[in-house]
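Visitor: Sequence and predicted model, in that order:
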Amino acid sequence: MFLSAHKEAPCDDGTGGVAVEDTIPEAYRISFNVQVGGSKVRTKVTTDKRETLQAFMDRYARAVGQSGRKIAFSFDGDRLDPTKRPEDYDLEGDEMIDAKML
């Protein structure tokens, strides 16, 4: 199962639905799949690759209702530093990121 962590805005099509409002230019979008503790539930988070990983981490926390909670993120067993950018880890998008609630 995949969840999406996109900023949502009311849709103007008269259906009362929700449309995804993505303010990140396409050339700068990068998405990651996040799972907690090997769970089969994954959350897809899109962020701006020009920003630090802290922006991605904050988006994920909001998406899963854990804002304000400490979460450790790792990729291939290495803990991610929130002050670095995706390029610092050679992340190109669609990688699986592990999250651990602390």
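Guide: Okay, I see it.

Visitor: okay, CA-based contacts and neighbour counts for the rest of this
Guide: Will do.

Visitor: tell me which residues form a beta bridge with the spatially most central residue of the chain?
Guide: The residue lying closest to the centre of the chain (CA atoms, centre = their mean) is Val45, at 2.6 Å. With DSSP bridges applied, Val45 shows beta-bridge pairing to Ala5, Phe32.

Visitor: How much space separates it from Ser67?
Guide: 15 Å (CA to CA, to the nearest Å).

Visitor: how near is Gln54 to Asp78?
Guide: Here Gln54 is placed at a distance of 16 Å from Asp78 (CA to CA).

Visitor: To clarify, my last question referred to Phe56.
Guide: Following CA to CA, the distance that separates Phe56 from Asp78 is 17 Å.

Visitor: Counting neighbours, go ahead and name the busier of the two.
Guide: Neighbour totals were compared for Phe56 and Asp78, and Phe56 leads with 22 against 10 (other CA atoms under 10 Å).

Visitor: May I ask you to confirm that the more buried one belongs to a strand?
Guide: No: per DSSP: H, G, I helix; E, B strand; the rest coil, Phe56 lies outside any strand segment and is helix.

Visitor: On the three-state scheme, the residue lying closest to it once chain neighbours are set aside is what?
Guide: Leaving aside its sequence neighbours, Phe56 sits nearest to Thr47 (CA to CA, 6 or more residues apart in numbering; 5.6 Å). At Thr47 the chain is in strand, as set by three-state DSSP.
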